[in-house]
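[1] Here's my sequence, what's the structure:
(chains A and B, ligands or ions: 2)
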Amino acid sequence: MPVNEQISAKERMAIARVKMPEQDPQVRNRTFTEVNLGLPEQLALLEAKRCLQCKVAKCIAGCPVLVDIPRFLGFIVDGDLEAAARSLLGDNALPAVTGRVCPQETQCEEVCIRGLKGAPVAIGYLERFVADWARDHLTGAFMTPAPASGKKVAVVGSGPAGLTAAGELIKLGHAVTIYEAFHTPGGVLVYGIPEFRLPKEIVRAEVARLEAQGVKIECNTVVGKTYTLAELRAEHDAVFVAVGAGLPVFMNVAGENLKGVYSANEYLTRVNLMAAYDFPNNATPVLKGKRVAVVGGGNVAMDAVRTAKRLGADEAMIVYRRGKTELPARAEEVHHAEEEGIRFDFQVAPLEVLGNDQGWVTGLRCIRMELGEPDDSGRRRPVPVPGSEFIFPCDIVIVAIGTRANPLLTSTSPDLRLNRWGNIEAGEDGATSLPGVFAGGDIVRGAATVILAMGDGKRAAKAIDAYLQNL
Amino acid sequence: MHTILSNTQLAPNVTRLTVTAPRIAQIRQAGQFVIVRSGPGAERIPLTIADADAAAGTITLVIQAVGQSTKELVALQPGEELRDIVGPLGRATELPEHGHAVCVGGGVGTAVVHPIAQGLARAGVQVTSIIGGRSREWVIFEEELRALGTTIVCTDDGSYGRHGFVTDALRDVLAAGGVDAVYAVGPVPMMRAVAEVTRPLGVHTIVSLNPIMIDGTGMCGGCRVSIGGETKFACVDGPEFDGHQVDFDELRDRLGTYRQYEQAAQDHACKMGQG
Ligand SMILES: Cc1cc2nc3c(=O)[nH]c(=O)nc-3n(C[C@H](O)[C@H](O)[C@H](O)COP(=O)(O)OP(=O)(O)OC[C@H]3O[C@@H](n4cnc5c(N)ncnc54)[C@H](O)[C@@H]3O)c2cc1C
Ligand code: FES
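    Ligands and ions are numbered 1, 2, ... in the order given. So this is what the prediction gives:
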């Protein structure tokens, strides 16, 4: 009988949740190497045993791509890591990525039965463990692709949505070409999320695996400029548009064009994609501030502020309009940021960026906020506290208050129906108003998450396959 | 991959590269640019498409080697490869179909004004070009522009053509009347001076801006410029704007953001034996 079936519930309940081995906060806040070190096999085995193997596993429904979690955890307990890897990879194309960046606490782990009394199973850590094992041990294509269908699909954008769709479509035997605007594929995974959270090597390996399976990637191709959507559509049997939500939103306050004010997109792209942390070995520079203010409270803001600290800031601070409990960032990122010495100032709104006569940032003028009367939606909106203005002296301001849909592609495709925020209108299966054109990820949802983008890619691939069969 | 076909020095530290880029050569329009990266670890550099040959599948780039990255670019020799070229980016020049336009080019900006003049001439506009440089050896694209219409050359030191600034020549041309539009590309002070000359006369003036860029697709906002008090992203909303609305002070200022880093880049290159 497999080991997994021999362990009693009592035995399972007796095990406490593992702690992820991490680099020391005071060491890591000066380097870009990964914070979480990954579970050693012994700990992973122990943690997997904590899973109660529920008959009706809520965690599966909690996962946007429906990973069969008890199944791959069971294989870990059996010591059959290859089976665990095959099971996981069959459900999720990029587990090494999602194991690191998913907000597990609001998905699978939130509904884990063990969380009712005590801590949920560390599903994210185990996902990462299996995925990393697979990267080191499973070589070559382990899925036999379907015979060639003779159909061609274009995927626009190589973020998680595009990569996932490409992976699914190639498995089904379709010829897939990804068109990517940047010189390197990966989307937010390479230009946004920093090395210390998601080593770029992982993304490179995933991309290489797709290429080995036959996916073609054309970088330096901006759809809407190099080719129009209509041209791509004419040359392929279907198109999947997954261009993300790339347009940075600024605060619209005075002083925002001073030297030292960055959008988070620019700051992170310089540091991650262009490797500015390694200037001058890499030629792209980034300003290194002594005191850095990051405006916003999401993952992007956390990544920017922790990056600033690593680039040598004495003080790196989050300025956020609401309170700590409203921070939209992953809990682990907030926790890590605190450990690394990031300061948080809550219920504060910036009014103006101050500068000197040389055009450099010198500070951020802010005002304190309090929660006002509930608005129509019932949510209490923050309102300014009169007379509470203050100045935070700083030399860098990073604006991380969100992104919108980039109109570059959509504006050259007038028949593609958009919603009033400029996002592409798409059904559950990704179908848009144009026959044969599907869309998913942030360009449909607005800035969301990696796993939701992947879910869209997976569903759209299925719908595209059905569409191609009916041609 | 893009192959360098020719590398010609046009002026002290101004180089013309002809490089294969069939798709871009085929569809580029006047006023558009590409972003080039010479290899792993290199910067992304925006460069105007100075000319293109759709049949041959080539584009021409004119590069002033000021910083380390542009120096590396102009060191590329025929036969060598350029990994990354993306484009064509930016909006195309809005070309009127008749009338008289004056194209003003300063220094390497003359290479940017050339495709605009070409576009205007093809659209049926009468083109007068005024181009300038510090001295004779800095004057570029004279022949190409002469082929498109009357061309006045100015040098700061009087070593060639008219002695003086392009704005002096522009004043004279405007005084003769009948000018419908002025297109100016060059160093920020020159474009500002041109805009100041045309403003009182109410002559429509278009300038092409060259802020620091990364992606060239609107995703970073690093290229933002103030136009009539409103923030625009030069890579997607421009690069051409109404010269009378541009905040040139801010542009010049922002262009200096990384000046302190340039020395470090150069020193590093020397150490690596590339200087
Ligand atoms: C700094 C940062 C941190 C984040 N952290 C997390 C996290 O911890 N967990 C999480 O779940 N989510 C996180 N997110 C959100 C997550 O990254 C996104 O929701 C997800 O990447 C969206 O995937 P996508 O495939 O839709 O688009 P993207 O990843 O944005 O990819 C779009 C791709 O399309 C390309 N493209 C754009 N326009 C064109 C065009 N016209 N032609 C060709 N190519 C084009 C882009 O260059 C890009 O490569 C974070 C986002 C950022 C910015
Ligand atoms: S260069 Fe990034 S938005 Fe223009």
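[2] which residues of chain A score low on pLDDT?
    Counting by pLDDT under 70, chain A has low-confidence residues at A:140-144.
[3] per-domain residue ranges of it.
    Per the record, chain A has its domains at A:9-137, A:152-246+A:405-469, A:248-402, by automatic domain parsing.
[4] The closest residue in space to residue A:189 that isn't next to it in sequence is in what secondary structure piece?
    Distances taken as CB to CB, 6 or more residues apart in numbering or on different chains place residue A:203 nearest to residue A:189, at 4.7 Å, with adjacent residues excluded. Backbone N, C-alpha and C define where each C-beta goes, glycine included. If you go by DSSP states H and E, residue A:203 is part of helix A:200-212.
[5] helices or strands up against that helix?
    Applying 3 or more CB pairs under 8 Å, 6 or more residues apart in numbering or on different chains; DSSP states H and E, one finds that helix A:200-212 contacts helix A:95-101, helix A:160-171, helix A:188-191, strand A:216-218.
[6] can you do 6 Å?
    Counting contacts by 3 or more CB pairs under 6 Å, 6 or more residues apart in numbering or on different chains; DSSP states H and E, helix A:200-212 is packed against helix A:188-191.
[7] how about the residue in the stretch 251-400 of chain A positioned nearest to ligand 2, what does it touch?
    Going by CB to the nearest ligand atom, ligand 2 is nearest to residue A:266 of the stretch 251-400 of chain A, at 6.7 Å. Contact analysis of residue A:266 by CB atoms under 6 Å, 6 or more residues apart in numbering or on different chains lists B:220, B:221, B:222.
[8] can you rerun that using 7 Å?
    Contact analysis of residue A:266 by CB atoms under 7 Å, 6 or more residues apart in numbering or on different chains lists B:214, B:220, B:221, B:222.
[9] Counting neighbours, what do you get for residue B:187?
    Residues lying near residue B:187 (other CB atoms under 10 Å in any protein chain shown) number 15.
[10] isn't it right up against residue B:108?
    No - if you go by CB atoms under 7 Å, residue B:187 and residue B:108 don't touch, sitting 8.8 Å apart.
[11] Phi, psi for residue A:332 please.
    Dihedral pair for residue A:332: phi -60, psi -40, per degrees, to the nearest 10.
[12] ok, the residue of the stretch 1-150 of chain B found nearest chain A to ligand 1 distance?
    Nearest residue of the stretch 1-150 of chain B to chain A: residue B:86, at 3.9 Å (CB to the nearest CB). Going from residue B:86 to ligand 1 by CB to the nearest ligand atom, to the nearest Å gives 10 Å.
[13] now the domains of chain A as TSV including distance to ligand 1?
    Below are those laid out as TSV (distance: least, CB to the nearest ligand atom, whole Å):
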stretch	distance to ligand 1
domain A:9-137	4
domain A:152-246+A:405-469	2
domain A:248-402	3
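[14] residues contacting residue A:308?
    By CB under 7 Å, 6+ apart, residue A:308 lies in contact with A:289, A:292, A:294, A:316, A:396, A:398.
[15] Am I right that it falls within a helix?
    Yes - under DSSP: H, G, I helix; E, B strand; the rest coil, residue A:308 falls within a helix.
[16] separation between it and residue B:270?
    Taking CB to CB, to the nearest Å as the measure, residue A:308 falls 30 Å from residue B:270.
[17] ok, now residue B:47?
    Residue B:47 sits 25 Å away from residue B:270, going by CB to CB.
[18] which one of the two has more residues nearby?
    Counted by other CB under 10 Å, residue B:47 and residue B:270 do not tie: residue B:47 has more neighbours, with 23 against 11.
[19] Sheet partners, orientation included, of the longest strand anywhere in chain A?
    If you go by DSSP state E, chain A has its longest strand at strand A:361-374. When sheet partners are counted by DSSP bridges, strand A:361-374 sits next to strand A:348-355 (antiparallel), strand A:380-384 (antiparallel), strand A:390-393 (antiparallel).
[20] Can you show me the CA trace of it as PDB?
    Coordinates of each C-alpha in strand A:361-374 appear next as PDB, following Å, rounded to 0.1, in the frame of the first residue of the first chain:
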ATOM      1  CA  VAL A 361      13.100  65.600  -6.300                       C
ATOM      2  CA  THR A 362      13.600  66.700  -2.700                       C
ATOM      3  CA  GLY A 363      10.400  65.500  -1.100                       C
ATOM      4  CA  LEU A 364       6.800  64.400  -1.200                       C
ATOM      5  CA  ARG A 365       4.200  66.700   0.300                       C
ATOM      6  CA  CYS A 366       1.500  64.500   1.800                       C
ATOM      7  CA  ILE A 367      -1.700  64.700   3.800                       C
ATOM      8  CA  ARG A 368      -3.100  62.300   6.400                       C
ATOM      9  CA  MET A 369      -6.400  60.500   5.600                       C
ATOM     10  CA  GLU A 370      -9.100  59.100   7.700                       C
ATOM     11  CA  LEU A 371     -12.000  56.800   6.800                       C
ATOM     12  CA  GLY A 372     -15.100  58.900   6.000                       C
ATOM     13  CA  GLU A 373     -18.800  58.000   5.700                       C
ATOM     14  CA  PRO A 374     -19.600  54.900   3.700                       C
END
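[21] Alright, calling it a day.
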